[in-house]
Every structure is written in C-alpha cells, then in structure tokens.
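In: everything below, folded, please.
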Amino acid sequence: MSVLILHILYVVAITAEAMTAALMAGRRNMDWVGVCLLGAVTALGGGSVRDVLLGNQPLIWVAHPVYLLITAAAALATVAVARFMHRLRLVFLFLDAVGLVVFTIIGCNVAMRMGLPVVVVIVAGMITGCLGGVLRDILCNEIPLLFRSELYASVSITTGGLYVAALSLDLPHNAAMFGVMAFGLAMRLLALYFNWHMPKFVYTRDLH
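Out: Below is the predicted model:
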C-alpha cells in the first residue's frame with residue numbers, strides 16, 4: 001500500500017513540476033517543444049542526475065517512458081489553461097512542497113537499495129528533490145532556487161536525514177516514511193508562510 005501511495009504522489013509531483021516549468025517556459029517565450037522539454041527536465045531531471053551519478057540503470061524515464069508522456073501532456077495542458085493558472089498559485093506551491101519531500105524519499109530509497117553510505121543516501125535524496133529545479137532555472141537563465149536563501153535544499157536534507165535516522169531506529173517503515181514526509185512538508189509550508197530564510201553571505205569589497 002505504501003508503495004502504491006508513493007507512486008501516486010510521484011505522478012502528482014512530476015505533473016505539478018512539469019506544469020510550473022511550462023509557465024516559466026511561457027515567460028521565456030519558448031515554443032511548444034521547449035515547453036515540453038523544460039517540463040520533462042524539471043520533473044525528471046533530479047532523478048536522472050542521481051541515477052547517472054550513482055550508476056543506477058536504467059534511468060527511470062527509460063524504464064518507464066510513460067513518465068515522459070505524462071510530463072509532456074502536463075506541460076502542453078498548461079499552455080491551454082495558462083490564463084487561469086494564477087488562481088491556483090497556492091495549490092502549486094503546496095504540490096511543489098509535496099514533490100520536494102516525495103522526490104527526496106524516493107532518492108533515499110534508491111541509494112539505500114544500492115547499499116550506499118548514509119551521507120550518500122541523504123545527498124541522493126537532495127539531488128532527486130532539488131536538481132530538477134536547478135536545471136530548469138539554469139536553462140531559463142535564473143539563479144537557481146537551491147542557491148538562494150529560501151529553505152528548500154535544507155528541507156530536503158532534513159527530510160532525508162530524519163528518514164534515515166527513523167529507519168536506523170527500526171521504526172515501522174510506513175510510519176517512518178509518512179511521518180517524515182509530513183514533517184518535511186510542514187517545514188516547507190511554514191517556511192513559505194513565515195518567509196523563513198537561510199543566512200546570506202554578502203561580500204562587497206573589491207579584491208583589487
């Protein structure tokens with residue numbers, strides 16, 4: 001049951017990520033091919049980078065090409081309903097937060113199945129959760145959200161760390177997974193609501 005729920009949440013998450021990427025593509029005046037590509041890169045890029053770095057084959061969209069169709073369909077659907085999307089901003093912020101924690105847990109699970117060290121497991125979770133957005137922002141010539149002061153990567157790292165810790169304590173897997181996902185989701189939503197930020201590094205002196 002937990003695998004089924006996680007899979008459903010994954011499909012919801014990649015759909016939402018593809019749609020938000022499509023909106024950014026629209027703001028950059030991309031054609032429909034660009035919209036689809038940006039949607040797929042954003043939704044599937046984190047998991048792909050993780051699998052390439054860890055040597056985990058085949059890539060998820062190679063093993064399950066239907067995910068490419070889902071992201072492309074979601075991106076194109078966004079083109080059709082873009083004029084109404086501003087009304088759903090809060091919904092997409094919520095779904096983005098869900099995607100962050102779901103991708104993080106999935107990334108951790110992949111690394112754990114490979115028997116990798118704890119630090120690598122947590123980093124794999126963060127890569128899965130965050131790298132798709134980084135690739136999107138780079139392709140759109142923006143400073144990636146990951147490198148700004150928002151609580152985003154820190155939420156992913158915390159979620160992955162707590163998940164590994166819970167499993168190391170032999171807690172029931174379902175309770176550990178959903179409990180940690182709920183904590184990570186709440187942390188991300190509270191950060192958005194209260195505008196929590198990480199400290200910034202500001203250096204303005206000229207070296208010459």
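In: okay, now the unreliable bits of this structure?
Out: Counting by pLDDT under 70, the chain contains low-confidence ranges at 1, 149, 206-208.
In: how far away is the spatially most central residue of it from residue 34?
Out: Centroid check for the chain by C-alpha atoms, centre = their mean gives residue 129 as the closest residue, at 3.4 Å. Here the criterion is C-beta to C-beta, to the nearest Å. By it, residue 129 lies 24 Å from residue 34. No exception for glycine: its C-beta is placed from N, CA and C like everyone else's.
In: I'd like the next helix or strand past the helix or strand encompassing the residue nearest to the centre of the chain.
Out: Residue 129 is located in helix 118-139, with elements delineated by DSSP states H and E. Note on helix 118-139: by DSSP H and E, the next helix or strand toward the C-terminus is helix 153-168.
In: could you check the angle helix 118-139 makes with that next one?
Out: 150 degrees (axes from the mean of the first three to the mean of the last three C-alpha atoms, to 10 degrees).
In: same for helix 153-168, what does it pack against?
Out: helix 89-113, helix 118-139, helix 173-194 (3 or more C-beta pairs under 8 Å, 6 or more residues apart in numbering; DSSP states H and E).
In: and those as CSV, adding distance to residue 66?
Out: Conversion of the helices and strands packed on helix 153-168 to CSV gives the following (distance: least, C-beta to C-beta, whole Å):
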stretch, distance to residue 66
helix 89-113, 16
helix 118-139, 18
helix 173-194, 24
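In: out of those helices, flag the one nearest residue 64.
Out: Among the helices and strands packed on helix 153-168, the nearest to residue 64 by C-beta to C-beta is helix 89-113 (12.9 Å).
In: in that closest one, what's buried?
Out: 92-112 (16 or more other C-beta atoms under 10 Å).
In: against which helices or strands is that helix packed?
Out: Partner elements for helix 89-113 (3+ C-beta pairs under 8 Å, 6+ apart): helix 2-27, helix 32-54, helix 118-139, helix 153-168, helix 173-194.
In: quick check: angle from that helix to helix 32-54?
Out: Using the same axes, to 10 degrees: helix 89-113 against helix 32-54 is 30 degrees.
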